[in-house]
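Participant: model this:
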Amino acid sequence: MHTAARLGAAALSAALLAGVAAGPALADSSSPSAPLPEGLYGKSDPTYDGVWRQSLALTALSAAKVTPADSAVAWLTGQQCDDGGWPSYRAAGAACDAKTEDSNATAVAIQALVALGGHQDAVDKGVKWLKANQNADGSWPYNPGIPGDANSTGLAVNALFAARTDPASVAKAGSGGAAGKNAFDGLAHFQLGCAAPADQRGAFGYQPDPAAGALTPNTLASAQAALAAAGGHLPVATSVRADTAPKALACADGSAPATVPHAEAGEAVGAYLTSQLTAGGEHLTLITPGADPKPDYTATAWAALALIQSGHPDQATDAIGWLEGQGATWTKDGTDAAATATLLLVGQAAHRDPAALTGQLTALGPAPKATAAASEAASPSSKKSDGMGQVWLIIVGLLIGIGGGLLLSLQRKRNPNL
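Facilitator: Next comes the predicted model:
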């Protein structure tokens, strides 16, 4: 049986990932009642997203060749529990509660520490926690002990890729010692295949309907699971380019498999996301029961990252342009650490100029140990280049001097009166 707290946590997770508030608990999140921890990025209450935003910020800054402050890294590593998992946030001195550790925070923290380098023990412990808290169907839940969902499963697969752990090899034994499904099987559990209407094929649903077991397409679940289906993780850095649109799922009557094969999963969801972006004016839309539809910045960003990862940057170009145009609104003029970091990660994947966003994100946390410009100036290769340049100037000067002397000597021989 699912407790109300755990179900509420899962719903809250989905809302946080979508960049919207999920109820009164977040109404005053911009005004924390206690002083913010040293080293944390962002100024809002970290109760629900501290590890999430810190991990995104450190991943994006690392990709921008910024060396973060020791306090920023120490805060993230200090949030890890002894069993390897991370909660969304743990106040200083508070004990870990295994029930509140979550796969989303753990997955992004692993990716951040891999990007930073030098934290292999923490990464290994985090991967061990993911393995221990995988469901028998191959999926991951937000908190341990509840049914899995597409978002959490996708993030966990991202973390496995980042840690160089083959998701196909990660499977938890079922009851009675029966072989469990692997991580790719878990991801496939949420993807709509050939039994779905043509315009829904390839999409991911958040979870199957508890009563009917049917999946309903969900844009955020599709966008977030798509990066995992494409074999990627944060930060996205790939030179693969297909030069064609994503291939829609092939569904021959009577011969199509019941689930989407892993080899086709990335292309299938890429085709679905491309069609949704085109239909939505190059962005995805958040539809919440009882509320008006609104642009979904986070889902659009993850869709762009997934398309780039799968070799379809052209299909992401207009969406990235839309995100950049809406950047001030989404990031709250550069004061929302998670949004700013995510937009920076998208820009980096698309090879856009990262300077402005890097500066905004850097300003939201402790002063870094080194910036990209400083690191480049201090690097041995730069010093070597500068030194070689000086040597060449000396050599050129000597050659000019020798050549001038020879010319003058020849002129004197021809005209002794000089």
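
Participant: and the closest residue to Leu273 other than its chain neighbours, how far is that from Gln326?
Facilitator: Spatially, and ignoring its direct neighbours in sequence, Leu273 is nearest to Ala303 (4.6 Å; CB to CB, 6 or more residues apart in numbering). Placement of C-beta: from N, CA and C, glycine included. From Ala303 across to Gln326, the span is 14 Å (CB to CB, to the nearest Å).

Participant: Between those two, point out the one with more neighbours.
Facilitator: Ala303 (31 against 15; other CB atoms under 10 Å).

Participant: Return the distance of the helix or strand harbouring that one from the chain's centre.
Facilitator: Assigning secondary structure by DSSP states H and E places Ala303 in helix 297-309. Relative to the chain's own centre, helix 297-309 is displaced by 9 Å; criterion: CA atoms, centre = their mean, to the nearest Å.

Participant: Then stretch 198-218?
Facilitator: So, by CA atoms, centre = their mean, the centroid of stretch 198-218 is 24 Å from its chain's centroid.

Participant: That stretch: which residues count as buried?
Facilitator: Residues of stretch 198-218 classed as buried by neighbour count (16 or more other CB atoms under 10 Å): 200-208, 215, 217-218.

Participant: same thing with stretch 162-177?
Facilitator: So, applying 16+ other CB under 10 Å, buried residues of stretch 162-177: 162-163, 165, 167, 170-172.

Participant: ok, of those residues, which one's closest to Gly232?
Facilitator: Nearest to Gly232 out of these is Ala162 (CB to CB; 9.1 Å).

Participant: which residues sit in contact with the closest one?
Facilitator: Residues in contact with Ala162 (CB atoms under 8 Å, 6 or more residues apart in numbering) are 110-111, 114-115, 233-234.

Participant: Next, give phi and psi for it.
Facilitator: Dihedral pair for Ala162: phi -60, psi -40, per degrees, to the nearest 10.

Participant: what packs against the helix holding Ala303?
Facilitator: With contacts taken as 3 or more CB pairs under 8 Å, 6 or more residues apart in numbering; DSSP states H and E, helix 297-309 sits against helix 4-18, helix 219-229, helix 262-279, strand 284-286, helix 313-325, helix 337-349.

Participant: picking that back up, turn the buried residues of stretch 198-218 into CSV, columns for pLDDT and distance to Ala316.
Facilitator: As requested, the buried residues of stretch 198-218 are exported to CSV (pLDDT from 0 to 100; distance: CB to CB, whole Å):
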residue, pLDDT, distance to Ala316
Gln200, 96, 21
Arg201, 96, 20
Gly202, 97, 16
Ala203, 98, 17
Phe204, 98, 18
Gly205, 97, 23
Tyr206, 97, 23
Gln207, 96, 27
Pro208, 92, 29
Leu215, 94, 25
Pro217, 96, 19
Asn218, 96, 20
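
Participant: circling back to that earlier point, compute the inter-axis angle for the helix holding Ala303 and helix 219-229.
Facilitator: If you take axes from the mean of the first three to the mean of the last three CA atoms, to 10 degrees, helix 297-309 sits at 30 degrees to helix 219-229.
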